Structure formats: structure tokens, C-alpha cells
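1. One predicted model, sequence on top.
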Amino acid sequence: MVYYTSTSQYMKLSSMAGRGKSMSSNDLQVNSTYIWNEIHEQPVAIRHALTSSQATILKIAEEVKQREIDLIVLVARGTSDHAALYGQYLFQYLNGIPVALATPSIITLYGAHLRLQHALVIGISKSGAAPDVTSVIKQAHGAGALTVGITNVEGSALANTVDYPLFCAAGPELSVAATKTYTTTCAILAQLAAHLPGGEVLLDQVGRLPDLAAAALQSEQAVASIALRYAHARDCVVLGRAFQYSTARETALKLAETCYILATPFSTADFRHGPTAVLEYGRPVLLYAPPGRTLTDNYELLQLLKDKEADTIVISEDPRLLDLATTPIQVQLPTLNGSVSGNEASSPIDVAELLSPIPYIIYGQFLAMHLSISKGLNPDKPRGLTKVTKTI
């Protein structure tokens, strides 16, 4: 089954896109949408987030040391949960602290009480109004945990509940689909990891995140022309491993909510354990493949995908992987200084790999936005959705 347009139609649509013409049946121009503006605001928003959170993060880091915190629990839903997943990989790898993603229902529906007196519990909610996140934070505080909240809304329920609120400082986010609140949350988590023991390698490089985001914005026209190829897609698979697994999950959510595509995310490691059976001729598979330790695994997987005749969209900086792609999206980012020895001389820490999810998600945001427009949809107003979703 083939999901993309015919070659002649694709070339015609691409030509029109190059002239700035909208493909939408409602003649919606992409640069008139909230989401377009909010994607482009991300370099400035990230800089504001890093600057505004610095002093509070220093206080949190000092208290973590004093209290000998030996567990981090991250509490979130939806897009915020994907940012939490990124934080889980960072804190465990750099700081050596076990991290759990909370299961709020265990507390809000089943009334469980957890022993968290030696834990740092971080609640994440863009609006700060998620009642299940706030409920977990309240119980954690009562159990003696050190509590932190990351939100975009000062004076929100979450901000007023935690010991230390951290603010995205991203300004109003009007599109239902979150963009700048996701990347600013990830930036704050990276900044916190940098200030905890073991994260020092990130200290000098976290400040480069606005530059990375600005570089990623230069890809828009290339992604826009590629998106048109998949205007008739009904489903797809989105893949990423380790630090990019959060990117895969967030991209799948964006495709589902703005394009109504059944997008299924997998870790590339998990994808080999059964899900590869869904591969067939022409099925779109989007793969995030940054430099780093997952590169060899991604190369081998791409060879399998090519053998299965899947339609592969590869977002990567590596020419070998791009050559294997049906639709290559070349990533061009500033070079970061920070490949240094880790715990073992044979295991260098590649800072670029650790920070790559923040610029890389921008390619996914562009793809979802332009694909939504090409389908004649309004990416700002997905059907049946509201900006704030409250679950108990």
C-alpha cells in the first residue's frame, strides 16, 4: 500500500509550495498560524527559559546535594511527559540518579502512598493546571520529598504547590499543539542536569541551545516541500532511540493531533522485537538518527527498512544514513565542544548527542505543521481538542 502522492502531483505541489502558495482547501497560509509563529519563537523562548531559571536551579542543586537525594520522580502527561522522558535519560546517564516516570492514577484513583522522603519529585505541566500532576506533588511534599514544578504559567496551581517553581518564560502559547513550551521545558531539564553532580560537561554548552534551535529553523522550506509527499498518509511509524525516543514520541503526538495520522512511536530497540512485522511497501517510517552511540544501530535498521521497501524519512546529519533514505532531511547544526571522557576512558560523553533532541524536534514540528496545511487542516485547532486537558 502506497500512501504518498504520484510523482507528477508531488512535483506540482512542491513547485507551488516553493512559490509560497497554500495547499489548503481553506486557503490557510502557514505563516498566519499561531503554531508557525510559536515554532519560530523558540530560540528566544529557550534563551529566556535558561536565564530566568538559572538562580532557582542553583538553589535546587544545592538542596539536592544537602539532602543526598537518591531518586528522581517525574510527573507529567502528554507533551510534558515526553519532556520528562528526555529528562529521565539525562539524569540517569549524567547524574547517576535512578529516575521514575510517575503513574499518577496510582495516587489519584487508587489512593496509594509512596515513600518519597529521599526523592526529588518534578511536576511538569505547561498550564500548571493539571490536577493529577498537582495531586502527586502534594502527596510527595507531604511525604517529605523535595518538590519542583516546571510550568509556563506563574501563579498556577502547580507553581503554588511546589518548593521551587521553574518557569518556561515562553510567553502565551495559543496553538493547541505545544511547541515552544516543549523545547523550553527540555532546556530547563538539561540545565538542571548540568548543575547536579556529574552534569558539569553540559555547563558550557547548554547556553548554545538557542543557537541550535535557530539553526534548525533554517530547515523549514526543505521540510515543507517534503511534507507534501505524504499528504495522503493515514498512518506511520516514528522511531528514535535513547535521548531521541522522547523526540519520536513527541513527533508522533504532533502528527496525530494536527494531521489526524495514526502515528505510532517506538524505540528502535523495541521496534525490532515484533513491530517490524508492520513494515510493508510504501508505509512511511520516520527515523531520528543523530550522531552518537545509536548511529550504527540506526544504519543497520535502515538497511532492514530498505529491504522491506518502507518509505523512510530520515532526519540526520550523517550522509551514509541519508543516502539510504527514501526522503532524506539533512540536519545542519553548529558544532558543539564537549566530547569528553566519561566514567571510562572508552566511553566519551558526546554533548551534541545529549542536546540534540531539542533542535531535532523542530524538524518534526515543521513536518506536522506543513503536513496539516497540505491536508487542508488548521494545525492550530485540532478537532475535539482544547489547550488544557484535565485528568484526575
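-> Alright, I've got the coordinates. Numbers count the residues shown, from 1 in each chain.
2. Doesn't Asp297 belong to a helix?
-> Yes - under DSSP: H, G, I helix; E, B strand; the rest coil, Asp297 sits within a helix.
3. Helices of the stretch 51-200 of the chain, residue ranges please.
-> 78-95, 104-108, 131-142, 157-161, 180-195 (DSSP state H, counting those that start in this stretch).
4. repeat for the stretch 201-350 of the chain
-> Going by DSSP H, counting those that start in this stretch, the stretch 201-350 of the chain shows helices at 209-217, 220-227, 245-259, 268-271, 295-307, 319-324.
5. Quick check: which of the ones you listed is buried the most?
-> Ranked by mean neighbour count under mean count of other Cβ atoms under 10 Å, those are led by helix 245-259, which reaches a mean of 26. All C-beta atoms are positioned from the backbone trio N, CA, C, and that covers glycine.
6. tell me the contacts of Pro265?
-> Contacts for Pro265 (Cβ atoms under 8 Å, 6 or more residues apart in numbering) come out as Val237, Val238, Leu239, Gly240, Tyr245, Ala248, Arg249, Thr251, Ala252.
7. what are the bridge partners for it, then?
-> On the basis of DSSP bridges, Pro265 is bridged to Val238.
8. Retrieve the pLDDT associated with it.
-> pLDDT recorded at Pro265 is 96.
9. State the distance from it to Ser80.
-> Distance of Pro265 to Ser80, given as Cβ to Cβ, to the nearest Å: 16 Å.
10. returning to that earlier point: the helices of the stretch 51-200 of the chain into TSV, with extra columns for distance to Val201?
-> What follows is these, written out as TSV (distance: least, Cβ to Cβ, whole Å):
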stretch	distance to Val201
helix 78-95	7
helix 104-108	33
helix 131-142	29
helix 157-161	30
helix 180-195	8
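11. So for Val331, which of those helices sits nearest?
-> helix 180-195 (15.4 Å; Cβ to Cβ).
12. which strands and helices sit next to the closest one?
-> With contacts taken as 3 or more Cβ pairs under 8 Å, 6 or more residues apart in numbering; DSSP states H and E, helix 180-195 sits against helix 42-66, helix 78-95, strand 146-151, helix 209-217, helix 357-374.
13. out of these, nearest to Leu228?
-> Nearest to Leu228 among the helices and strands packed on helix 180-195 is helix 357-374; the distance by Cβ to Cβ comes to 5.1 Å.
14. buried stuff in that closest one?
-> 357-374 (16 or more other Cβ atoms under 10 Å).
15. in the protein, what secondary structure element scores lowest on mean pLDDT?
-> helix 7-18 (a mean of 39; mean pLDDT, DSSP states H and E).
16. And the pLDDT for the spatially closest residue to Gly240 that is not a sequence neighbour?
-> Nearest residue to Gly240, sequence neighbours excluded (Cβ to Cβ, 6 or more residues apart in numbering): Ala248, at 3.5 Å. Ala248 carries a pLDDT value of 98.
17. Could you measure from Pro43 over to Gly199?
-> Counting by Cβ to Cβ, the gap from Pro43 to Gly199 is 23 Å.
18. scratch that, Arg208 is what I was asking about
-> From Arg208 over to Gly199 (counting by Cβ to Cβ), the distance is 15 Å.
19. repeat for Leu287
-> Leu287 is 28 Å from Gly199, by Cβ to Cβ.
20. tell me the two of the contacts of Pro265 that are most distant?
-> Val237 and Tyr245 (13.3 Å).
21. Where does pLDDT dip in the stretch 251-392 of the chain?
-> Where the stretch 251-392 of the chain drops to pLDDT under 70, the residues are 277, 337-347, 384-392.
22. Now tabulate the contacts of Pro265 in TSV and tack on distance to Ala119.
-> Listed next are the contacts of Pro265 as TSV, based on distance: Cβ to Cβ, whole Å:
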residue	distance to Ala119
Val237	35
Val238	31
Leu239	32
Gly240	28
Tyr245	23
Ala248	28
Arg249	24
Thr251	30
Ala252	30
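23. So which of those is the closest to Ile313?
-> Val238 (9.2 Å).
24. I'd like the distance between the closest one and Gln330.
-> According to Cβ to Cβ, Val238 stands 19 Å off from Gln330.
25. Those two: which is more packed in?
-> Val238 (27 against 15; other Cβ atoms under 10 Å).
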